[in-house]
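Novice: okay, predicted coordinates and the sequence, questions at the end:
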Amino acid sequence: MSSVIEIAAHVAGVSLQPQQTELEAAAAEAAKAEAAARPRVIGPHACHAVGCRTVVPPEQLMCRPHWTSLPQGIRKRVLMSYTPGQCKDSHRIKPTWIAAARQAIEFVLQAELPKLATRLKLPAGYDGSQVQIERVGASTVAIKQEGLPLLVGSLATGEVREVKRPEPVSESDPGDAQPEPVPA
Ligand SMILES: [Zn+2]
């Protein structure tokens, strides 16, 4: 026999298990956030250092020269958080490994920034010794030179492209852009 509350809830058309749905939604959100936090693998088993394409065994984060350039503490964090078989099953990757791997990638990137910057293919008119380079993403830089269009470059590939200025959004036809004559 149903309880009075259950009958009332049925009549009112409400669910008596709001907590469960909230939990389910929270779990789904957490899973989504976790999936987004996983680093994307660029090519199969290449060294994870930005701009390095050396092929390494899947269980190695970086090629030997890059790995040995890391401080002992970072290397230890990566090794300690590694789960055997995580390369084949990304669900086994621990958040601590992601954090350690990111720290390692960032360390190498900081150390190699000047070298990577010289590999950027600047268009004619730009002078590598005059441009200002500013990081705007994991491996993306903004390149500025006085009086010239802003460029965006990839430290990973060395590719550089001009930033397209956003088109002005206007729903009215161009004729309407002229100010209406003010009636006297
Ligand atoms: Zn490498």
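Specialist: Right, received. Where do you want to start? Residues are numbered from 1 along each chain as shown.

Novice: which residues of this structure lie near the ion?
Specialist: Taking Cβ under 5 Å from the ion, the part of the chain that reaches the ion is made up of C47, A49, C52, T54, C63, H66. Where C-beta positions appear, they are placed from N, C-alpha and C, glycine not excepted.

Novice: now for the lengthiest helix in the chain, which elements pack on it?
Specialist: If you go by DSSP state H, the chain has its longest helix at helix 95-118. Where contact means 3 or more Cβ pairs under 8 Å, 6 or more residues apart in numbering; DSSP states H and E, helix 95-118 is packed against helix 18-37, helix 72-81.

Novice: immediately after the longest one, which helix or strand?
Specialist: It stands for helix 18-37. Going down the chain from helix 18-37, the next helix or strand is helix 64-68, by DSSP states H and E.

Novice: what average pLDDT does that following helix get?
Specialist: The pLDDT scores in helix 64-68 average 97.

Novice: return the set of buried residues in it.
Specialist: Applying a neighbour-count criterion of 16 or more other Cβ atoms under 10 Å, the buried positions in helix 64-68 are H66, W67.

Novice: how is this structure divided into domains?
Specialist: Partitioning the chain according to automatic domain parsing yields domains covering residues 47-117, 120-162.

Novice: and the angle from the longest helix of the chain to helix 72-81?
Specialist: Between the axis of helix 95-118 and that of helix 72-81 there is an angle of 140 degrees, by axes from the mean of the first three to the mean of the last three Cα atoms, to 10 degrees.

Novice: neighbouring contacts of whichever helix or strand comes after helix 95-118?
Specialist: As assigned by DSSP H and E, the chain's next helix or strand after helix 95-118 is strand 132-135. Outside of strand 132-135, the residues within contact range by Cβ atoms under 8 Å, 6 or more residues apart in numbering are L113, A117, L120, V141, A142, I143, K144, Q145, G153.

Novice: PyMOL command to pick out the buried ones of the residues of the chain next to the ion?
Specialist: This is how PyMOL selects the buried members of the residues of the chain next to the ion, with burial counted by 16+ other Cβ under 10 Å:
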select buried, resi 47+49+52+63+66
